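[1] Mind looking at a prediction? Sequence and model below.
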Number of protein chains: 2
Amino acid sequence: MDISNELAIGIDIGGTNTKYGIVNHRGEILQQGELRTDKYAKVESFIDALYKTLQPVIKSVKRSNIQGIGIGAPNGNYYSGTIEYAPNLKWKGIIPIAKMMSDKFDLPAALTNDANAAAVGEMTYGAARGMKDFIMITLGTGVGSGIVANGQLILGHDGFAGELGHTIVIPGGRLHTGTGMRGSLEVYASATGVAKTAIELLEKNPDKTSLLRSSSEAEINSKFVYECAMKNDKLAKKVYEYTGKILGQALANFVMFSSPEAIILFGGLTKAGDMIMKPTREHMEKNLLPIFQNKVKLIFSELKESDAAILGASALVWDMRSEPINASI
Amino acid sequence: MDISNELAIGIDIGGTNTKYGIVNHRGEILQQGELRTDKYAKVESFIDALYKTLQPVIKSVKRSNIQGIGIGAPNGNYYSGTIEYAPNLKWKGIIPIAKMMSDKFDLPAALTNDANAAAVGEMTYGAARGMKDFIMITLGTGVGSGIVANGQLILGHDGFAGELGHTIVIPGGRLHTGTGMRGSLEVYASATGVAKTAIELLEKNPDKTSLLRSSSEAEINSKFVYECAMKNDKLAKKVYEYTGKILGQALANFVMFSSPEAIILFGGLTKAGDMIMKPTREHMEKNLLPIFQNKVKLIFSELKESDAAILGASALVWDMRSEPINASI
C-alpha cells in the first residue's frame, strides 16, 4: 500500500472535551471535530457516542486507509493501554481504553498521556523532526513533559516516566495544593504559578504601582499578567523573569540527565515569547556544566496549539511498535 | 562459535592506575592486572605498554575467543570513542582512544565513561540483570551516574548524558569548588561532601561532644566519619542522615524523570549500609508523587567494588551495537 494514502485517527481526551481528527503522514488534519467528555458518566457510553460521531467522518475517507487510533489522555499508560485514576475524568479507577476502542472500531489502538503525545507529535510533524534526543515541556494549567532519548519515548518501568512538572526545584518552596509537595516546577511554571508569582510580587512591593493592581488578587490570572506585561508593566514583566529563572534552573537539571539536542516549550505560557524565553535560557545556561553550555536548542513548538493534541495522538499510530506491547494492538 | 567460550577484555583507565581483565559471559575474571596510567605522558606510550603487558595474558587464553575491548575512562564518549578533556589524565584535549586501541590490538573497541560502564556491568552481571530501566549512582570521590531506559544507556545527543552528580539539589547551596556551581548533588553526596558535612555539623554544634573532634578539621575525611559512626558517635551518624536526606531528595527527582525499576548505589559511601540507605529511602519516598511511591527498588550494587570497573568495561563488548557507531568498531 502506498504510504502516502495512510491515515490515522487522533483522539485527545480532556476533562471537558474530546477532540478527534483524521491525519495523514504529512500532519494534515483532513477532518476534525469534538464531543463533550463530561457528558458521559460511563466510559462505554462515551465510546459509543464517539463511534457514532466518527462514522460519517470515517466514511468520508477510505476506511481501509486508516491504520489505527492514537489516543492522548490524562494518566494514559502506553504499556497497559489504560487510563489510571485520572483526577479530571469522571471514569474512576483503571480504564482499559485502548482495548475498548480497538474492539469497538476494529482497529489497533495506542494510548499515552497528553504530554508524551505532544512529544511524539513534535517529533513526527514539528520542531523535533529528525531528532533522537529531546524534551518537550508543556506549560499550561499544569506543567507536563515528554522525553525522547535514543529516538524513543522514555516511559519508564511502569509507563509513568516524564513527570518533570513535579520535580522539586526549590526544596521547601511554594506549596502545590494539588500534590501537597513544596517547590515543584509546576507550582511556578504553570498558568496558576504565574498568577501566584504576580500576587507574591505585588505583596512584596506594596510601594510599587502596577497595572496588576487594577484587578483584585482573586481575579489575577496568567492571561491578565500577560496583558499587563504587553502594556510594558514592570512588575508584570518581572513575573516572567522570575518564572523563567525557575524554569531555566529546572531545565539545566534535565539537560544533565539526558543531554537532549533540544528542549521544546509548548502551551499557553509560550505566548509570552521572549519575555519568558530570555530569562529561561539565561538561567538554564548559568546552571549547566561547561560541557553542556551553548549546545541545547531551546525552542518553541512548531505545532498550532489547537491541533497539537490531535496530531500528537495520531502520531502514535505511525509509531506503533512492531512488537505489540499492549493487548489491543 | 560457542558463546560460552567468548571472552572480552575490560580496561578501566583511572588517573593513577589502569586495571585490565579478561572476562567471560558469566562475569568471571579469568586474568587481571594493572599498570600505572600516570607514568605515561603520551597516550601512544601508554597503549604500547598496555599492549606489551597484555600479550602474555592474551596468549594464556585462546586469542580467537576474544571478541573485543571495552574501555571505561573519565570523560569517555561512546559515540566518538574519544576521551575529551579529562581533568585527571595527563593526556590533554581529545584522545581517540577507542580507534587507537582497536588499531593496536586488531580488535573492535568501545569506550564509555566509568559510571556508564558500571551501569552496563550491573545490567550484565549484577543487580540489574533483566532490568530495562534503572539508574546507577556511583558515590565515590565524586558522584557519577549511568542511566538505562528501554534497555539502553541514555547517552544523549552528544554522548555526555547522565551527569546527575552535577544536578542542583539546593539552589544557592554549598559551593562546589571544582565546578563553581552551588548546591549540586556531588558537593553533598560524595566522600568530600561527607567530610564537609561533618565539619559543618561540628561548627554548628560547638557544645556537643563527638569523636569527630579527635581529628583536626583539615584531617576529617569520609573514612574517619565512617569509623566514628561505627563507634555509634551521634554527630557522625547525623552526617549520614543529612547526606541521605539530600541524596533522597535528588533521587526523587530522577525517579520522576525516568521512572526506573531500581536505583542502584555503588561506591565507597555504600559501605555505611543502613546508615545511608535508610534516610535516603525515607527522603526519596517523601518527595515522590504518590504514583511513584513504594515502587522503586533502592539497592546496593552486587558487584565487588574492586572488580566492577573491569566487569563494566568488559560488558561493553557484549553490548556492542549491531550498527557500528564509532569508527573503530
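    Happy to help now that I have it. Numbering: from 1, shown residues only, chains lettered A, B, ... in the order given.
[2] give me every residue that touches A:M256.
    A:L288, A:L289, A:F292, B:E163, B:L164, B:H166, B:T167 (CB atoms under 8 Å, 6 or more residues apart in numbering or on different chains). Every C-beta, even on glycine, is put in place using the N, C-alpha and C of the backbone.
[3] Just give the nearest non-adjacent residue to whichever residue of the stretch 201-329 of chain A sits closest to chain B, would you?
    Across the stretch 201-329 of chain A, the shortest distance to chain B (CB to the nearest CB) belongs to A:S259, at 2.5 Å. Sequence neighbours aside, B:G156 is the residue nearest to A:S259 in space, at 2.5 Å (criterion: CB to CB, 6 or more residues apart in numbering or on different chains).
[4] Which residue lies nearest the spatial centre of chain A?
    A:A115 (3.3 Å; CA atoms, centre = their mean).
[5] SS state for the closest residue to that residue other than its chain neighbours?
    Once flanking residues are discounted, A:A115 sits nearest to A:G144: 3.2 Å by CB to CB, 6+ apart. Counting by DSSP: H, G, I helix; E, B strand; the rest coil, the backbone at A:G144 sits in strand.
[6] what residues are up against A:G144?
    A:N113, A:D114, A:A115, A:A118, A:I137, A:T138, A:G162, A:L164, A:G165.
[7] how far away is the second one from chain B?
    A:D114 sits at a distance of 16 Å from chain B (criterion: CB to the nearest CB, to the nearest Å).
[8] what does the model give that residue for pLDDT?
    Here, the pLDDT recorded for A:D114 equals 88.
[9] go on, the fourth one?
    Turning to A:A118, the model gives it a pLDDT of 92.
[10] What is the burial count for the residue of the stretch 1-150 of chain A found nearest chain B?
    Nearest to chain B in the stretch 1-150 of chain A, going by CB to the nearest CB, is A:D133, at a distance of 4.4 Å. By the criterion of other CB atoms under 10 Å in any protein chain shown, A:D133 has 22 neighbours.
[11] what about whichever residue of the stretch 51-200 of chain A sits closest to chain B, which helix or strand?
    In the stretch 51-200 of chain A, the residue found nearest to chain B is A:G156; the distance is 2.5 Å by CB to the nearest CB. If you go by DSSP states H and E, A:G156 is not part of any helix or strand.
[12] Quick check: the gap between it and B:G146.
    16 Å (CB to CB, to the nearest Å).
[13] Same drill for the two, tell me which one is more crowded.
    With neighbours defined as other CB under 10 Å, A:G156 and B:G146 compare such that B:G146 has more, 31 against 27.
[14] ok, now how distant is that one from chain A?
    Taking CB to the nearest CB, one finds B:G146 at 12 Å from chain A.
[15] Excluding chain neighbours, what is closest to that residue?
    B:A119 (2.7 Å).
[16] swap in A:G173?
    A:G183 (2.8 Å).
[17] Tell me the pLDDT of that neighbour.
    97.
[18] Would you mind confirming that it is in contact with A:I168?
    Yes - counting by CB atoms under 8 Å, A:G183 does reach A:I168; the two are 5.0 Å apart.
[19] and those two? which has more neighbours close in?
    Taking other CB under 10 Å, A:G183 and A:I168 do not tie; A:I168 has more neighbours (23 against 19).
[20] And A:E219, how far from A:I199?
    A:E219 is 11 Å from A:I199, by CB to CB.
[21] Residues of the stretch 201-329 of chain A that sit close to chain B?
    Within reach of chain B by CB under 8 Å from any CB of the partner chain, the stretch 201-329 of chain A has these residues: A:249, A:252-254, A:256-261, A:287, A:289, A:291-292, A:295.
[22] Separate out the buried members of those.
    A:249, A:252-254, A:256-261, A:287, A:289, A:292, A:295 (16 or more other CB atoms under 10 Å in any protein chain shown).
[23] How about the residue nearest to A:A115: which residues does it bridge to?
    A:T138 (DSSP bridges).
[24] Going by secondary structure, A:G248 is in what exactly?
    helix A:234-258.
[25] Any chance you could give me whatever helix or strand comes next after that helix in CSV, C-alpha atoms only?
    Following helix A:234-258 in sequence order, the next helix or strand is strand A:262-266 (DSSP H and E). Output in CSV follows, covering the C-alpha atoms of strand A:262-266 (Å, rounded to 0.1, in the frame of the first residue of the first chain):
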residue,chain,number,x,y,z
ALA,A,262,16.6,20.5,22.1
ILE,A,263,14.1,21.4,24.7
ILE,A,264,10.8,22.3,23.1
LEU,A,265,8.4,24.6,25.0
PHE,A,266,4.7,24.3,24.3
